[in-house]
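Visitor: need a structure here:
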Amino acid sequence: MMRTLAAQLNTYLSRSKSPNVQSRNFSSFNRSRDELSIEEEAERKIGWLLKFFFAGTATFVAYQFFPYMGDNLVQQSISLLQVKDPFFKRTGASRLARFAVDDERRKKIVELGGAQELVNMLEDAKEDSTRISALKALAALSHSDEAVGALHHAGAFSVIKSTPDSLEESEIKNYKSSLLKRLQDLRYDS
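Guide: Sure, this is the predicted structure:
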């Protein structure tokens, strides 16, 4: 099958390279129906082969350049919270907020020290956008009772309460009030 396909492809390519041969549209009238159907089948198979090759290459590249999966993602995100640049801190907090979708993942963030780092980030934040990112990640963590306990041990109540409100950003006030309410509901308001 492959030899036949290779022979047909070679014949097809050698015909299209010679200058004396008519163009494909005109030369196809001289060919029989069988030759045309074989040629179309070969083109279709080669098309699928190229698609599979492209998909395999894209998968390989994605695997090599985007290894941000599972615990590795959480650890890298927490490491970003420790950098001095606010952009990287916001990126790390944003990743943690997206990762904290269930109790198991929230627990993993807490175990790796993410709760403490987010509280530290919020405490040191000088820009509203950095405060919003930290509060958003803390709010995502606060859906787990265990994570709320870790936030309490990290001193989150006093840090959240002392975070200044912003006239431009109402999100800060919304996140602050929901976090403080959650901490008070679980009796962590001291």
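Visitor: which neighbouring elements make contact with the longest helix along the chain?
Guide: Ranked by residue count, the top helix of the chain under DSSP state H comes out as helix 33-65. Helices and strands touching helix 33-65, by 3 or more C-beta pairs under 8 Å, 6 or more residues apart in numbering; DSSP states H and E, are helix 2-17. C-beta: built from backbone N, CA, C; applies to glycine.
Visitor: taking helix 33-65 as reference, get the angle to the helix it packs on.
Guide: For helix 2-17 against helix 33-65, the angle by axes from the mean of the first three to the mean of the last three C-alpha atoms, to 10 degrees is 100 degrees.
Visitor: how about helix 2-17: buried residues?
Guide: Residues of helix 2-17 classed as buried by neighbour count (16 or more other C-beta atoms under 10 Å): 8, 12.
Visitor: what mean pLDDT does that helix get?
Guide: The predicted model assigns helix 2-17 a mean pLDDT of 71.
Visitor: name the helices or strands packed onto it?
Guide: helix 33-65.
Visitor: and the helix it packs on, average pLDDT?
Guide: Helix 33-65 shows a mean pLDDT of 80.
Visitor: so how far is the next helix or strand along the chain from it off the chain centroid?
Guide: Following helix 33-65 in sequence order, the next helix or strand is helix 70-81 (DSSP states H and E). Counting by C-alpha atoms, centre = their mean, to the nearest Å, helix 70-81 is centred 13 Å from the centre of its parent chain.
Visitor: list of residues touching helix 70-81?
Guide: The contact list for helix 70-81 (C-beta atoms under 8 Å, 6 or more residues apart in numbering) reads 68, 88-89, 91-93, 95-96, 99, 105, 108-109, 112-114, 117-118, 120-121.
Visitor: phi and psi next, for residue 143.
Guide: In terms of degrees, to the nearest 10, the main-chain angles of residue 143 are phi -80, psi -10.
Visitor: count the neighbours of the closest residue to it other than its chain neighbours for me.
Guide: Closest residue in space to residue 143, ignoring its immediate chain neighbours: residue 106 at 6.9 Å, by C-beta to C-beta, 6 or more residues apart in numbering. Residue neighbour count, defined by other C-beta atoms under 10 Å, stands at 25 for residue 106.
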